[in-house]
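Peer 1: have a look at this prediction, sequence included:
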Amino acid sequence: MIRFATLLTAVVTATCVAAPCTLTVAGDARLEVPADQFSLTIGATSTKASVDLARAEVDRTMAALVEVVTDLGLTQHDEWHTGRYDITPQWKPRPRSVDATTWKPEIVGYSVRSNLSITSTRMDIPGMLVAKAAEAGANDIGSLHFALRDPRTSRQQAIRKAAQYAIADATSLADASSVELVQILRLTLDGANAAPPRPVEHAFMAGSVAMRAMDSDSAPTISGGMVTVTASVTAEWKIAPKNGAPTQQSGSTD
């Protein structure tokens, strides 16, 4: 359900210092649109003395995570793919007091990190996905980000509303001032943006992962929230006196 918040910022000016006489009105519109798409990364990180041990642990977890997203009906490439696979050596810290001529850098282990990048319109599964990922052993679960799959459609709706507000304000002001709107001289789109809700953070890390995995009913209920879509339109009209009425030389109203 799309909600319109009417923001009539009627920055209205009427001038007639030099021909032609003009009237300028700015109309703002704000829409609250339910998010219909989410994105999330789930993965695993392991640090071991050897790269083979670290890779083996991460690969086991990643295989389990692939099974999770497959069981939930998410399709590879269209809705999920491997986001990263990194292998980083861990160096022995250099002591504060050491002979620079004798100390040598030394690799003491390896850190392996991999994750799946997920983007889907299945708004019924984010909570279940987070819970099942934790249960499968994921120790690297990113924030949930919500957005609109097709933000341009809502953007166009906001632009239309902003233009309608500007026209309605100009018409009302012209009627009240005994002038008529002759033609639009300038029409500008000052801004049209979509602001998504704040990301949802999760604490599925380290020990909390194991604790939550014990509870099969731990899947959180997560709502995507509303995306705020705004637009601002400014219109400048040429105006003329109505029925011979005099036009004010200058004026403004907020």
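Peer 2: Sure, I can see it.

Peer 1: so what's V227 bridging to?
Peer 2: Beta-bridge pairing for V227 (DSSP bridges): V33.

Peer 1: let me redo that: Q183
Peer 2: Beta-bridge partners recorded for Q183 (DSSP bridges): K238.

Peer 1: tell me the pLDDT of it.
Peer 2: According to the prediction, Q183 has pLDDT 93.

Peer 1: thinking it is in contact with W237, fair?
Peer 2: Yes. Using CB atoms under 8 Å, Q183 makes contact with W237 at a distance of 6.9 Å. C-beta coordinates here come from the backbone N, C-alpha and C atoms, glycine included.

Peer 1: now find how far off-centre the helix or strand encompassing A168 is within its chain.
Peer 2: Assigned by DSSP states H and E, A168 belongs to helix 151-176. On the basis of CA atoms, centre = their mean, to the nearest Å, helix 151-176 sits 25 Å off its chain's mean C-alpha point.

Peer 1: what of stretch 114-123?
Peer 2: 15 Å.

Peer 1: look at Q183 and W237 and report which has more neighbours.
Peer 2: For Q183 versus W237, the count of surrounding residues by other CB atoms under 10 Å is larger for W237: 27 against 9.

Peer 1: report how many residues lie close to N139.
Peer 2: 21.

Peer 1: wait, it sits on I42?
Peer 2: No. With contacts counted by CB under 8 Å, N139 stays clear of I42, the gap being 9.8 Å.

Peer 1: thinking again about what came up before, avg pLDDT for the helix holding A168?
Peer 2: On average, helix 151-176 scores 95.

Peer 1: contacts only, for the nearest residue to T221 once chain neighbours are set aside.
Peer 2: The spatial neighbour of T221 that comes closest, neighbours along the chain excluded (CB to CB, 6 or more residues apart in numbering), is G127 at 5.5 Å. G127 is in contact with 219-222, counting by CB atoms under 8 Å, 6 or more residues apart in numbering.

Peer 1: okay, G127: pLDDT?
Peer 2: 94.

Peer 1: ok so it is a strand residue?
Peer 2: No. Counting by DSSP: H, G, I helix; E, B strand; the rest coil, G127 is not part of a strand but helix.

Peer 1: next, name the residue at the spatial heart of this protein.
Peer 2: P196 (3.6 Å; CA atoms, centre = their mean).

Peer 1: is it correct that that residue is in contact with S143?
Peer 2: No. Using CB under 8 Å, P196 is not in contact with S143; the gap is 11.6 Å.

Peer 1: contacts only, for the closest residue to G225 other than its chain neighbours.
Peer 2: The spatial neighbour of G225 that comes closest, neighbours along the chain excluded (CB to CB, 6+ apart), is P197 at 3.5 Å. Applying CB under 8 Å, 6+ apart to P197 gives the contacts 35, 146, 224-227.
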